[in-house]
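In: sequence and predicted structure below; questions after.
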Amino acid sequence: MYIADVFQAESLPVSFEIFPPKGELPLEEAREVVSGLAPLDPAFVSVTYSAGGGGNSGRTIDVARMINDEFNLTSMAHLTCMNATRENIRQTLGAMKDAGIQNVLALRGDRVEGASAEDFRFAKDLIPLVREAGFCVGAAAYPEGHVDCLDFEESIVHLKQKQDAGAEFFVSQLFFDNEAALRFLDHAHLAGIEVPITLGVMPFMSKSQITRMVFMCGASLPSPVVKLLARYEDDPKSLRAAGIEYACKQMVGLAEAGADGVHVYTMNKPDVAAAAVEALGMAGFGPAAHDAREGAPC
């Protein structure tokens, strides 16, 4: 299925992100993760690409193909263009096409010092090539602005440029402040963004993880998160539970505010995805809630 079509569904699209495991048996480990996600009936499952545009691209394709073929789910392969040539990208897209992949998330990727960026400077330069190859293409959105962009309004301009280049939907970077995300949606719609924007949420599991995410993504920490980190700083188990609970409340709040979709950064933890689906279902959103309505007596 083309992901652009999932936003036409009656129920709220709930999707998951996973990453290809490292080590000697990455596909087997990924299969175990997906087997825990499949019963949750995600709208799609995205598979990350290595930083810098290389390294695990083959694993990304293998995992995405497995999601499609073995679990009959819709997959989306990430693809980064920074430091890649047009020929590199064409070869990778050809391999994705041969694997039966239909959906690609077109990303700039991380800068690598000393590498050339002549063919692709931004994700908007990659999007037309992916569309021409016959894929349904999505792009990234940044609710608090891209970490490399100091001007928030400039980030909105870049978002519009991605849509104009052919992006059919957006998946947002993680955030911890729903109000910031909803303000971003207002700005995006005023700027002419008409394609769906599914909002990404990642539960915080540890102080080191959330510190890393703040610096990598430029996400702000609202007061409730800071208080939870202080309360459970020396209790990792309770902090993990509090992080999942906070993320579930975020997702329910976004659904209630009319979000186009919710994207769960699972960190390859099926229990995280299960908690999200359960919370949304209990609040009347997501596939579980839709199934319950379908089975209800008239």
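Out: Nice, thanks for sending it over.

In: please make it C-alpha for all contacts and neighbour counts, starting now.
Out: Will do.

In: which parts of the stretch 1-150 of the chain are strands?
Out: Secondary structure of the stretch 1-150 of the chain (DSSP state E, counting those that start in this stretch): strands at 14-18, 45-47, 75-80, 103-107, 136-141.

In: name every strand pairing with the shortest one and say which way it goes.
Out: For strand 45-47, the pairing partners within the sheet under DSSP bridges are strand 14-18 (parallel), strand 75-80 (parallel).

In: out of those strands, which is the most enclosed?
Out: Greatest average neighbour count among the strands paired with strand 45-47 goes to strand 75-80 (a mean of 27), per mean count of other C-alpha atoms under 10 Å.

In: that one: how far from the chain's middle?
Out: Distance of strand 75-80 from its chain centroid, counting by C-alpha atoms, centre = their mean, to the nearest Å, is 10 Å.

In: and the angle for it with strand 136-141?
Out: Counting by axes from the mean of the first three to the mean of the last three C-alpha atoms, to 10 degrees, strand 75-80 lies at 60 degrees to strand 136-141.

In: identify the residues contacting the longest helix belonging to the chain?
Out: In the chain, with assignment by DSSP state H, the single longest helix is helix 236-256. When contacts are defined by C-alpha atoms under 8 Å, 6 or more residues apart in numbering, helix 236-256 is touched by residues 12, 176, 178, 201-206, 228-229, 232-233, 261-262, 272, 275-276, 279-280, 283, 285.

In: which of the residues you listed fall in helices?
Out: Counting by DSSP H, the contacts of helix 236-256 place 178, 228, 229, 272, 275, 276, 279, 280 in helices.

In: buried subset of these, written for PyMOL?
Out: Only the buried entries of the ones in helices among the contacts of helix 236-256 go into this PyMOL selection, using 16 or more other C-alpha atoms under 10 Å:
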select buried, resi 178+228+229+272+276+279+280
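
In: among the ones in helices among the contacts of helix 236-256, which one sits closest to residue 61?
Out: Using C-alpha to C-alpha, residue 272 comes nearest to residue 61 of these, at 23.7 Å.

In: ok, the nearest residue in space to that closest one that is not next to it in sequence - contacts?
Out: Of all residues not flanking residue 272 in the chain, residue 266 sits nearest, at 5.8 Å (C-alpha to C-alpha, 6 or more residues apart in numbering). Counting by C-alpha under 8 Å, 6+ apart, residue 266 touches 16, 17, 18, 202, 272, 273.

In: where's residue 266 relative to residue 34, distance?
Out: As judged by C-alpha to C-alpha, to the nearest Å, residue 266 and residue 34 stand 11 Å apart.

In: touching, residue 140 and residue 168? I think so.
Out: No - using C-alpha atoms under 8 Å, residue 140 makes no contact with residue 168, being 11.0 Å away.

In: dump the C-alpha coordinates for the longest helix of the chain into PDB.
Out: Extracted in PDB, the C-alpha atoms of helix 236-256 (Å, rounded to 0.1, in the frame of the first residue of the first chain):
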ATOM      1  CA  PRO A 236      15.700   3.500  36.000                       C
ATOM      2  CA  LYS A 237      12.700   1.200  36.000                       C
ATOM      3  CA  SER A 238      10.300   3.800  37.300                       C
ATOM      4  CA  LEU A 239      11.800   6.400  34.900                       C
ATOM      5  CA  ARG A 240      11.200   4.100  31.900                       C
ATOM      6  CA  ALA A 241       7.600   3.500  33.000                       C
ATOM      7  CA  ALA A 242       7.100   7.300  33.500                       C
ATOM      8  CA  GLY A 243       8.600   8.000  30.100                       C
ATOM      9  CA  ILE A 244       6.200   5.500  28.400                       C
ATOM     10  CA  GLU A 245       3.200   6.900  30.300                       C
ATOM     11  CA  TYR A 246       4.200  10.500  29.300                       C
ATOM     12  CA  ALA A 247       4.500   9.600  25.700                       C
ATOM     13  CA  CYS A 248       1.100   7.800  25.700                       C
ATOM     14  CA  LYS A 249      -0.500  10.900  27.100                       C
ATOM     15  CA  GLN A 250       1.200  12.900  24.400                       C
ATOM     16  CA  MET A 251      -0.200  10.700  21.700                       C
ATOM     17  CA  VAL A 252      -3.700  10.800  23.100                       C
ATOM     18  CA  GLY A 253      -3.600  14.600  23.300                       C
ATOM     19  CA  LEU A 254      -2.400  14.800  19.700                       C
ATOM     20  CA  ALA A 255      -5.200  12.500  18.600                       C
ATOM     21  CA  GLU A 256      -7.800  14.600  20.500                       C
END
